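Visitor: pasted the sequence and its predicted model underneath.
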2 protein chains.
Amino acid sequence: MTVTSAADASLRHRYAEAFLTVRRGDGAPLADTEVTVAQTRHAFSFGNIGFDLVAHANGETEADPDSPFGGAPPASGEHLAALWLDLFNTATLPFYWAGFEPRRGTPDTTRLLRAARWFAERGVTVKGHPLAWHTLAPDWLLDVPTDEVETLLRERIRREVSDFAGVVDVWDAINEVVIMPVFSNEERRNAITRLCWERGRIPTVRLAFEEARAANPSATLLLNDFNLSPAFECLVEGVLEAGIRVDAIGLQSHMHQGYWGEERTLETLDRFARFGLPLHLTESTLLSGDLMPADVVDLNDHQVESWPTTPEGEERQAQEIVRHYRTLVSHPAVEAVTYWGLTDEGSWLGAPVGLVRADGSTKPSFDALHGLLKDEWWLAPTTLRTDAEGRVSVRGFRGEYAVSASGARAAFTLDRDGDVEVTLPAS
Amino acid sequence: MTVTSAADASLRHRYAEAFLTVRRGDGAPLADTEVTVAQTRHAFSFGNIGFDLVAHANGETEADPDSPFGGAPPASGEHLAALWLDLFNTATLPFYWAGFEPRRGTPDTTRLLRAARWFAERGVTVKGHPLAWHTLAPDWLLDVPTDEVETLLRERIRREVSDFAGVVDVWDAINEVVIMPVFSNEERRNAITRLCWERGRIPTVRLAFEEARAANPSATLLLNDFNLSPAFECLVEGVLEAGIRVDAIGLQSHMHQGYWGEERTLETLDRFARFGLPLHLTESTLLSGDLMPADVVDLNDHQVESWPTTPEGEERQAQEIVRHYRTLVSHPAVEAVTYWGLTDEGSWLGAPVGLVRADGSTKPSFDALHGLLKDEWWLAPTTLRTDAEGRVSVRGFRGEYAVSASGARAAFTLDRDGDVEVTLPAS
C-alpha cells in the first residue's frame, strides 16, 4: 500500500518515497500490523522572523520592540507563539549591531540566547541576522578610525557566532553589500559604509565570512541582498572567484510594491541558481493593504501615518502567498523561505505584511499558508498495515516522520527514495 | 616671461609649467632670441568615432555604413575628415564581429587596417571597439557549440589584436559584461551570451583580456560598460580580485535621455575612480533635439521615424557639451573622452547626436567644443623671448609642443612641471 500527498510534477523533487521496515524492540519485523505514520517536520526551511517572541521567550512583561523590523508587545507573545509554532520551523532572530550592543561592550547576549534556546527547544532552526550591515551600525562606531572599525567588526562577528554556536548555526554573514560602500541615505556616512568604501566589497565580505567561519566551522553562512539585479550576480561571481566559501545565497523579496508573479520569480531564481549554491528567500513579504508606490526606491523612505489591512487586500495576499510559495518550492535550488513578519502589530514601516492582524486574528493568508504547509505538503497521521516483512510504503514531502504502533513510537527521516528501517522501542 | 592659458583651479592637474632651454644645433643656448612656442597635441585623449571615415580612408565612393552606430556616405568623407581632424586626437574604429567577419573566415582586416593607418598617419591614436560583445555577435556563431564558441572568440581576439598591433594599441577588450549572460533583448540567445551564462562573467572577461594581452603585451585594454550602477562596480571589483589586469575602466555615457549634470557625473566618476585605474568616458553623446523618454531602458528600443536637430536643442547641446567636458577634464582619474558621433548623417538610431548637421554644417556644439579644446585649453603659436641662458617659461595643457626660431623647429613634451631642453636642428 502506498500513501501519497497530492503533488504536481513541479514539486517532484520535494518528495521522497521509501519502503519503511518497522521492527520490534527484539529486532523481528512488525508483520501484518497497523501502524500510524505521520510527518513531524519539513526538511525545507519554512521560516519567519522571531522578533516578536524575544520578550515572550524571556518572560518579559514590558519591553521595547526588538528591532525596527518587527516587534509586537510582550502581552501578545503567548498568542503569537502558538500561531508561530503551528506554521514555521525556522526563526530569524535580530542581531542588528546597534540594537544588540547599544553601548560598546554591553551585548544583549543573555537575552538573545534565551530566545534562541526557546525556539531550539521547540524544534525550530534558529538563524541570526545580520553579522555585518551598514544600516543599524552602532552610533558609537561613527568616529572610530577605519582600522579599528575593522577590528571591532571582526571581534563582534567572532563573539556572536561563538556565543551562539550550537543554538544559532545559520547566519546572514553580511547584508546588502551591493550598496554597502555607496550607501548614502543618511546624514553621516556610517562606519561600515566607510570600511567597505575604503577596503572594497570583496575584502569586506571576506572578513565577515572569515571570522564567522573561524568561530563556527559548521555554520551555514549566507551572503544576503535585496538587490536581485545583475549587480548582485556580479558580486556573487566576484566573491566566489576570490575563493570565499559561501554556503547559500540569500535573496530578499520584500514585495511592498506588489507581487512579482511566477515568471519574474523563476527568472530571478534561475539567474542565481546558476552559481550552484542553495538559494534562501530570506525576507519575503506580501501586503494585505495598499501597495507602496512603484517609484519608491528605498522602502524605508515610505512613511505613512496609517497603513490598514483591507478585506480585498487580504484576499489578494492569501492568493499571492500560495502562488509565491508554490513557485519557490518548485525550484530545486531553493532550500528556505522566510516570511518577514507574523503580525501587523509593530511591523516594519507599519505595513500590513502579517499573516495575523494587529488584533491577533488570523488573516486568510495564514489559513492559506497553513493549508499548503500543513495539509497539501504534509502527511497527517495515517494508518497503514505492514506486510509480512513488516514493511509499508511511505511517500511524502521530505522531512522528519514518526511511526507508532501499540504505544511505541520511532522517528525516521524521509530524505530520498529508498529503504528505511526503524526499530520501535520495547514497550 | 610666462605664458599661461586661462584655467580654473579645478583643472590645475591638466597643466604643466616648464623652463624650456632652447639650444642651437651646435649645443649653445639660443640666448636673447624670439622663438615661437605652440601646442601640437593634447596628452588628454579627446576622441570621436571614426566610423564615418572608413570608406573615405579606403578611397571608396560607394559603401554600406560601417556599423549601425554611425556611418555617413563616402561622399561626405572629405568634408567630415577635415572637421574630424580639426578637433580630435583619438579615433574609435568598429570591430563589431558580425560586421567585421560577416562570413566565417572573411575578416575585413585590409580595409580596417587602411582606415586605422589613415588616422595614425595624421597623428591620431586609434582604438578598436569591441573585441568581445554579445550584441552584433555573428549569426554564424548561433549554432556553434559553446566550447567552440570560446575557441573562435579567443582566435578572433588574438587575430585582430595581432594584425593591428602598432596601429591599434587600445582596445575595448570586452563590452557590457554586466548584462552579457542575461541579455535577452533578442529572439534567440546569441552565442556570446550563452558562453558568458555557462562560463560566468569573470572567466569570460579573463579570456578576452588573456588573449588580447598575449597578442599585444603593450596594448591598453579596457573593460567597458554602459551600466554605471553599483553592478559595474561589483564586476570591476570581482575582475580585479580575480587578478585580471585591466588598464582602464571604460564608462559609456550616452545621454539620449538628458544631460546628467555635474553632480551625478562627479559622483559616478568618484565611484569608479576608487579602483585606482584610469577612467575613459568611451561613448559620450548629447542630443541637439528631443530627448528620448526616460522610461526607455534599452536605447535600441527607441525607434522613431524622424528625429530632427532643433535650434533650441542645438543651443542646449552646446552648453551641455562644455559643462560635460569641463567636468570630465576636472576629474584627475579621467584620461579620455570619446564623443560618439561627428555628424547626424547615419547616426545611431538617427538621433541628432552629432556636432555637425546632416547637411555638413557645424552646430554650435562643434564651435563650443572647438573653443574649449583648441582655444581655452590650447596654446596657440606664441612668440617669446629667450633669456641669456636660452630659456623661456611655458605653461600649458599637458601635451606635445613645438618651438621654432629662424625656420628651425623642434618638438617637446610638456608632461610635468620642471626643466625641458630642446635642440633646434642646424638650419
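Guide: That came through, no problem.
Visitor: tell me the domain ranges of chain A?
Guide: With domains defined by automatic domain parsing, chain A comprises A:6-33+A:386-423, A:45-376.
Visitor: save those as a markdown table, and put in distance to residue B:93 too.
Guide: The way it works is simple: take the backbone N, C-alpha and C, and place the C-beta from them, glycine included. Listed next are these as a markdown table, based on distance: least, Cβ to Cβ, whole Å:
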| stretch | distance to residue B:93 |
| --- | --- |
| domain A:6-33+A:386-423 | 51 |
| domain A:45-376 | 29 |
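Visitor: out of those domains, which gets nearest to chain B?
Guide: domain A:45-376 (2.1 Å; Cβ to the nearest Cβ).
Visitor: please work out the average pLDDT along the closest one.
Guide: Average pLDDT, domain A:45-376: 95.
Visitor: so, in contact with chain B or not, it?
Guide: Yes. Applying Cβ under 8 Å from any Cβ of the partner chain, one finds that domain A:45-376 is in contact with chain B at A:178-179, A:181-182, A:197, A:200-202, A:227, A:229-235, A:237-239, A:241-242, A:271, A:274.
Visitor: what about that domain, start to end distance?
Guide: 16 Å (Cα to Cα, to the nearest Å).
Visitor: stretch A:394-411 too?
Guide: OK, stretch A:394-411 end separation, Cα to Cα: 13 Å.
Visitor: tell me which residues in it are buried?
Guide: A:394-405, A:408-410 (16 or more other Cβ atoms under 10 Å in any protein chain shown).
Visitor: quick one on the thing from earlier: okay, the domains of chain A, which one's buried deepest?
Guide: Greatest average neighbour count among the domains of chain A goes to domain A:45-376 (a mean of 19), per mean count of other Cβ atoms under 10 Å in any protein chain shown.
Visitor: among the buried residues of stretch A:394-411, which ones are in helices?
Guide: With helices taken from DSSP state H, there is no overlap with these.
Visitor: among those residues, which are in strands?
Guide: When DSSP state E defines the strands, the subset of the buried residues of stretch A:394-411 inside them is A:394-397, A:399-405, A:408-410.
Visitor: average pLDDT for stretch A:395-410?
Guide: On average, stretch A:395-410 scores 96.
Visitor: start and end of it, how far apart?
Guide: By Cα to Cα, one end of stretch A:395-410 lies 17 Å from the other end.
Visitor: still on that earlier bit, of all the domains of chain A, which one is nearest residue B:45?
Guide: Residue B:45 sits nearest to domain A:45-376 of all those, at 27.3 Å, using Cβ to Cβ.
Visitor: gap between that closest one and the chain center?
Guide: In this view, domain A:45-376 has its centroid 8 Å away from the chain centroid, taken as Cα atoms, centre = their mean, to the nearest Å.
Visitor: could you report the separation of residue A:227 from residue B:378?
Guide: 45 Å (Cβ to Cβ, to the nearest Å).
Visitor: now the helices for chain A?
Guide: So, for chain A - with DSSP H - the helices run A:54-57, A:77-87, A:97-100, A:109-121, A:146-164, A:191-199, A:201-215, A:230-241, A:262-273, A:311-330, A:364-371.
Visitor: OK, contacts around residue A:385?
Guide: Residues in contact with residue A:385 (Cβ atoms under 8 Å, 6 or more residues apart in numbering or on different chains) are A:1, A:32-35, A:392.
Visitor: what's the pLDDT at it?
Guide: Predicted confidence (pLDDT) for residue A:385: 97.
Visitor: pretty sure residue A:80 contacts residue A:343?
Guide: Yes. Using Cβ atoms under 8 Å, residue A:80 is in contact with residue A:343, at 6.0 Å.
Visitor: identify the contacts common to the two.
Guide: Common contacts of residue A:80 and residue A:343 (Cβ under 8 Å, 6+ apart): A:52, A:72, A:356, A:360.
Visitor: make CSV from those and add distance to residue A:85 to it.
Guide: Output for the shared contacts of residue A:80 and residue A:343, formatted as CSV (distance: Cβ to Cβ, whole Å):
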residue, distance to residue A:85
A:52, 12
A:72, 15
A:356, 13
A:360, 15
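Visitor: which members of those are the farthest-apart pair?
Guide: Largest separation among the shared contacts of residue A:80 and residue A:343 by Cβ to Cβ: A:52 and A:360, giving 11.5 Å.
Visitor: shared neighbours, these two?
Guide: A:76, A:80, A:343, A:345.
Visitor: OK, contacts around the closest residue to the second one other than its chain neighbours?
Guide: Which is residue A:80. Excluding the flanking residues, the one nearest residue A:80 by Cβ to Cβ, 6 or more residues apart in numbering or on different chains is residue A:52, at 5.4 Å. By Cβ under 8 Å, 6+ apart, the residues touching residue A:52 are A:66, A:70-72, A:76-77, A:80, A:84, A:342-343, A:345-346.
Visitor: can you list the shared contacts of residue A:52 and residue A:360 in JSON lines and add distance to residue B:267?
Guide: Converted to JSON lines, those look like this (distance: Cβ to Cβ, whole Å):
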{"residue": "A:76", "distance to residue B:267": "45"}
{"residue": "A:80", "distance to residue B:267": "44"}
{"residue": "A:343", "distance to residue B:267": "40"}
{"residue": "A:345", "distance to residue B:267": "40"}
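Visitor: and which of those residues is nearest residue B:151?
Guide: Closest approach to residue B:151 among these (Cβ to Cβ): residue A:343, at 58.6 Å.
Visitor: pretty sure the closest one sits against residue A:72.
Guide: Yes. With contact defined as Cβ under 8 Å, residue A:343 and residue A:72 form a contacting pair (5.3 Å).
Visitor: shared neighbours of these two, anything?
Guide: Joint contacts of residue A:343 and residue A:72 (Cβ under 8 Å, 6+ apart) are A:52, A:80.
Visitor: which residues are in contact with the closest residue to residue A:378 other than its chain neighbours?
Guide: Leaving aside its sequence neighbours, residue A:378 sits nearest to residue A:39 (Cβ to Cβ, 6+ apart; 5.4 Å). Going by Cβ under 8 Å, 6+ apart, residue A:39 touches A:378-380, A:396-397, A:399-401.
Visitor: equivalent analysis for residue A:162, please.
Guide: A:215-216.
Visitor: roughly how far apart are it and residue A:155?
Guide: 10 Å.
Visitor: how about residue A:149?
Guide: Distance, residue A:149 to residue A:155, by Cβ to Cβ: 11 Å.
Visitor: and what of residue A:240?
Guide: Going from residue A:240 to residue A:155 by Cβ to Cβ gives 26 Å.
Visitor: hang on, the earlier thing: who touches both of residue A:149 and residue A:155?
Guide: Common neighbours of residue A:149 and residue A:155 (Cβ under 8 Å, 6+ apart) do not exist.
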